[in-house]
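Asks: Mind looking at a prediction? Sequence and model below.
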Amino acid sequence: MSSVQLYDTTLRDGAQREGISFSVVDKLHIARKLDELGIHFIEGGWPGSNPKDVEFFDKARSLALTDSVLVAFGSTRHAKAKAETDANLLALANSGVKAVTIVGKSSALQVTQVLETSLEENLSMVADSIRYLKSKGLTVFLDAEHFFDGFKENPNYSLRVVEVAAKAGADCIVLCDTNGGTLPDEITAAVEAARKLTDVPLGIHAHNDGELAVANSLAAVQAGVSQVQGTINGYGERCGNANLCSIIPALKLKMGIDCVTDEQLAKVTEVAHFVSEVANLVPDAFLPYVGYSAFSHKAGLHVSGVTKWADSYQHIDPARVGNQQRVVVSELAGKGNIIYKAKQRGLDLPLKGKEARKLVEQIKLLESRGFQYENAEASFDLLVHRAKPGYQPPFELVDFMVVVETRRRLPTHGGLEETLSEAMVKVRVGKEVIHTAAEGNGPVNALDQALRKALLQFYPSLSAVKLIDYKVRILEESVGTGSSVRVLLESGDGVDEWRTVGSSTNIIEASWLALADSLEYWLIKQEKGNPPAKS
Ligand SMILES: [Zn+2]
């Protein structure tokens, strides 16, 4: 099959997702990552609509992208106006990019009902705008908005828009499933109809309202489009855009289309996590290809299958997309799972049959107390380390105390209640016992601060470790405030993320256990397991 160009709109359409707000610096970081991934076109924003995007295009000049071309987004000229004097088109022409995308209506109903102009005037708006931008030496893409809905209602008009755009000199006409409700066979039929009209390259821009954005994009490629628009992690308006993190591997590994290099493909998981980090969203563990759980095996039958033949329960080799196979440890696990998992986690430990059996017993006991290792691999690794004879932990807890105090402010100071938390922690590092205290905005935060204060004297690099996510679950088995709670922590150091677990009837203690595991795990990974001298 012919080649496909990837067009990313994370910085414009992706930023439309509820809860996302990218700063200019965020957008520059993401653009650089997309370049590393080998995305051909990066849509940076709409310079005619907001000053933040103007600033982005100004600063983006110094990005020196190697594989990607930056694209500015805008719309066709206004009705009954001149392209040459249209503020929005002028902003595009002056944004300093080599390629632009303009959105134009390609549904007759949308033209009369929403744009409130005549069908003929809309055709002129499309043609004039393309001609004007082409006269400025730009590569011009037309986003044919509502093309597929329009094709259902009045196919002749939608196809007429395509014809007019082709004649005006568009470099690619991108057929949009703007409302995201089209089915794959409808996409195929409409793309084929447009394909017959013109030799100008076509593109696809699909939204995910029917959860078909990826399927629709791939169907469009099979029907002959050569540009695929989408976003990282499928972020976008409403239910999102077509997810490029699924489309890229599908194109490359399943359809044999060499849209990126093997090295770039192997970065897709990293880029997916990077963008979710910048968007301040917890990465979705269950995303295909790039999710943490995309290649995990829990059922005993599956685990025994993958130990014999890695591909027995996976559709691709996870390494191709920079992900990895995981075996989930649960109460279903046996000795074989533990040994396999420890090996797979890269734990080079002499875990013999007897030790492994003991470890299984211990895991079962801890699970009966509310611990769960399915999503807390770092805590699992620590259990394996601790099972090793002679293991020296980088630090040990002697005791801790947390005080939470509520004070009422004077009426002259707002009269509101103020809660203060203070933690005192005693830890042993080697032969030394350190006693520290710290305040925090809550009891867990205070504990975290006090523990770090104690450990930073010995392990200064620990300041790289940050708490990413904190989840508390009340365990169903028990009732009311006497019930057990499980705390799951996600931590990161800017390179890796890891998860730890704690469980107790006391939420502070459960948090402490997860917190201590998080720091101990990182210290061991840095091979700083032995207490160094105080700096
Ligand atoms: Zn869109």
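Replies: Yes, it's here.
Asks: Could I get the average pLDDT for stretch 278-285?
Replies: On average, the pLDDT along stretch 278-285 is 85.
Asks: Just checking the distance from it to the centre of its chain.
Replies: Distance of stretch 278-285 from the chain centroid (Cα atoms, centre = their mean, to the nearest Å) equals 5 Å.
Asks: So which bits of stretch 94-112 are buried?
Replies: Within stretch 94-112, the residues that count as buried by 16 or more other Cβ atoms under 10 Å are 95, 97, 99-108, 110-111. Quick note: C-beta positions are derived from backbone N, CA and C, even for glycine.
Asks: roughly how far apart are Gly430 and Ala510?
Replies: From Gly430 over to Ala510 the distance is 27 Å, taken as Cβ to Cβ, to the nearest Å.
Asks: Neighbour count: the two, which is higher?
Replies: More crowded of Gly430 and Ala510, by other Cβ atoms under 10 Å: Ala510, with 25 against 15.
Asks: and the gap between the more buried one and Ser483?
Replies: 11 Å.
Asks: List the buried residues in the worst-scoring helix or strand of the chain on mean pLDDT.
Replies: Within the chain, confidence by mean pLDDT, DSSP states H and E is lowest for helix 335-344 among all helices and strands, at a mean of 72. Using 16+ other Cβ under 10 Å as the test for burial, helix 335-344 gives Lys335, Asn337, Ile338, Ile339, Tyr340, Lys341, Ala342.
Asks: Does the second one touch Val303 like I think?
Replies: So that's Asn337. Yes - with contact defined as Cβ atoms under 8 Å, Asn337 counts as touching Val303 (5.5 Å).
Asks: circling back to that earlier point, reformat the buried residues of helix 335-344 into JSON lines and put distance to Leu115 next to each item.
Replies: Below are the buried residues of helix 335-344 laid out as JSON lines (distance: Cβ to Cβ, whole Å):
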{"residue": "Lys335", "distance to Leu115": "68"}
{"residue": "Asn337", "distance to Leu115": "61"}
{"residue": "Ile338", "distance to Leu115": "64"}
{"residue": "Ile339", "distance to Leu115": "66"}
{"residue": "Tyr340", "distance to Leu115": "61"}
{"residue": "Lys341", "distance to Leu115": "59"}
{"residue": "Ala342", "distance to Leu115": "63"}
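Asks: show me where pLDDT drops low in the stretch 351-500 of the chain?
Replies: Along the stretch 351-500 of the chain, segments meeting pLDDT under 70 span 351, 374, 414-415, 476-482.
Asks: And the helices in it, which stretches?
Replies: Secondary structure of the stretch 351-500 of the chain (DSSP state H, counting those that start in this stretch): helices at 353-368, 377-387, 443-456.
Asks: neighbouring contacts of the second one?
Replies: Right, the one you point to is helix 377-387. 326, 329, 338, 341-342, 345, 347, 349, 351, 355, 358-359, 362-363, 366, 371, 373, 391, 393, 491, 498-501, 514, 517-518, 520-521, 524 (Cβ atoms under 8 Å, 6 or more residues apart in numbering).
Asks: Filter those residues down to just the buried residues.
Replies: Applying 16+ other Cβ under 10 Å to the contacts of helix 377-387, the neighbour count classes 326, 329, 338, 341-342, 345, 349, 351, 355, 359, 363, 366, 371, 373, 393, 491, 498-501, 514, 517-518, 520-521, 524 as buried.
Asks: And for the closest residue to Lys466 other than its chain neighbours, the neighbour number?
Replies: Distance criterion Cβ to Cβ, 6 or more residues apart in numbering; nearest residue to Lys466, sequence neighbours excluded, is Gly492 at 5.7 Å. By other Cβ under 10 Å, 18 other residues sit near Gly492.
Asks: List the beta-bridge partners for Gly492.
Replies: Lys466, Glu497 (DSSP bridges).
Asks: ok, now how distant is it from Leu34?
Replies: Counting by Cβ to Cβ, the gap from Gly492 to Leu34 is 21 Å.
Asks: show me the contacts for Thr76.
Replies: Ile102, Val103, Gly104, Lys105, Met125, Val126, Asp128, Ser129.
Asks: phi, psi of it?
Replies: Main-chain torsions, Thr76, degrees, to the nearest 10: phi -60, psi 170.
Asks: Give me the pLDDT for it.
Replies: 97.
Asks: What is the three-state secondary structure of the closest residue to Ser504 other than its chain neighbours?
Replies: Nearest residue to Ser504, sequence neighbours excluded (Cβ to Cβ, 6+ apart): Ala510, at 4.2 Å. With DSSP: H, G, I helix; E, B strand; the rest coil as the basis, the three-state label of Ala510 is helix.
Asks: Any idea how far stretch 20-29 is from the middle of the chain?
Replies: 14 Å.
Asks: actually stretch 411-419, sorry about that
Replies: Counting by Cα atoms, centre = their mean, stretch 411-419 comes out at 41 Å from the chain centroid.
Asks: So which residues make contact with that stretch?
Replies: Stretch 411-419 is contacted by residues Val404, Glu405, Thr406, Arg407, Arg408, Arg409, Gly442 when judged by Cβ under 8 Å, 6+ apart.
Asks: circling back: so how far is Pro443 from the residue nearest to Ser504?
Replies: Ala510 is 12 Å from Pro443, by Cβ to Cβ.
Asks: So which residues of the stretch 401-535 of the chain form strands?
Replies: Ranges of strands within the stretch 401-535 of the chain are 417-429, 432-440, 466-474, 485-492, 497-504, based on DSSP state E, counting those that start in this stretch.
Asks: Packing partners of the fourth one?
Replies: Right, the one you point to is strand 485-492. Contact here means 3 or more Cβ pairs under 8 Å, 6 or more residues apart in numbering; DSSP states H and E; on that basis strand 485-492 packs against strand 466-474, strand 497-504, helix 507-525.
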